[in-house]
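Engineer: what follows is a protein structure lacking sequence information:
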């Protein structure tokens with residue numbers, strides 16, 4: 001196959017999956033609770049997805065995958081863990097980054113703290129401010145570290161849970 005065709009394909013593929021191009025879906029469960037999900041289809045912005053949900057529904061969760069596609073968020077996560085948990089991060093990065101590795105498991109608390117203190121969560125809270133809801137906790141599934149790109153990329157299915165303002 002021609003190298004130019006491959007290069008064009010890779011450029012187009014990268015543009016379709018970059019974090020900046022991800023969209024948002026909103027779902028309302030039978031009990032009236034809503035979930036907002038980062039996806040490849042749906043609303044162009046988080047604010048649009050949030051605005052689509054009736055005020056009487058509580059947006060209890062925001063689910064975000066494709067974390068490696070959010071370059072600024074990745075940089076924030078790495079910087080926070082490097083500053084606050086340098087030994088744990090160094091050990092985890094020197095090991096296999098799979099989710100079952102004890103050295104990666106030891107980084108889970110650091111990852112949670114980094115997520116909650118990030119500008120990304122602040123931007124989610126800004127989108128929720130008119131609804132008087134805010135992110136109160138973070139949990140995740142399948143946390144692992146990929147080093148395929150030559151730099152660490154933190155991946156997980158991230159769940160941000162909200163609380164209502166009082």
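Structural biologist: That came through fine. What you see is a predicted model, and the numbers here were worked out from it, not measured in a lab.
Engineer: CA only for contacts and neighbour counts going forward, please
Structural biologist: Will do.
Engineer: residues in contact with the helix or strand that contains residue 63?
Structural biologist: Per DSSP states H and E, residue 63 falls inside strand 59-64. When contacts are defined by Cα atoms under 8 Å, 6 or more residues apart in numbering, strand 59-64 is touched by residues 33-39, 133, 157-163.
Engineer: so which of these are in strands?
Structural biologist: Among these, DSSP state E puts 34-39, 133, 157-163 in strands.
Engineer: can you give the distance from stretch 103-112 to the centre of its chain?
Structural biologist: 15 Å (Cα atoms, centre = their mean, to the nearest Å).
Engineer: give me the contacts around it.
Structural biologist: So stretch 103-112 is contacted by 77, 81, 84-85, 88-89, 91-92, 95, 97-99, 138-139, 143-145 (Cα under 8 Å, 6+ apart).
Engineer: that stretch spans what distance, first to last residue?
Structural biologist: Start-to-end span of stretch 103-112 (Cα to Cα, to the nearest Å) is 15 Å.
Engineer: stretch 47-66 now?
Structural biologist: First-to-last residue span, stretch 47-66, Cα to Cα: 19 Å.
Engineer: flag every buried residue along that stretch.
Structural biologist: For stretch 47-66, the neighbour count (16 or more other Cα atoms under 10 Å) marks 48-50, 53, 58-66 as buried.
Engineer: which one of those is nearest residue 22?
Structural biologist: residue 66 (8.9 Å; Cα to Cα).
Engineer: hang on, the earlier thing: what about the contacts of stretch 103-112, which are in helices?
Structural biologist: 77, 81, 84, 88-89, 91-92 (DSSP state H).
Engineer: with neighbour count and pLDDT added, can I get those residues in CSV?
Structural biologist: Output for the ones in helices among the contacts of stretch 103-112, formatted as CSV (neighbours: other Cα atoms under 10 Å; pLDDT from 0 to 100):
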residue, neighbour count, pLDDT
77, 23, 96
81, 22, 97
84, 13, 97
88, 19, 96
89, 21, 96
91, 14, 96
92, 21, 95
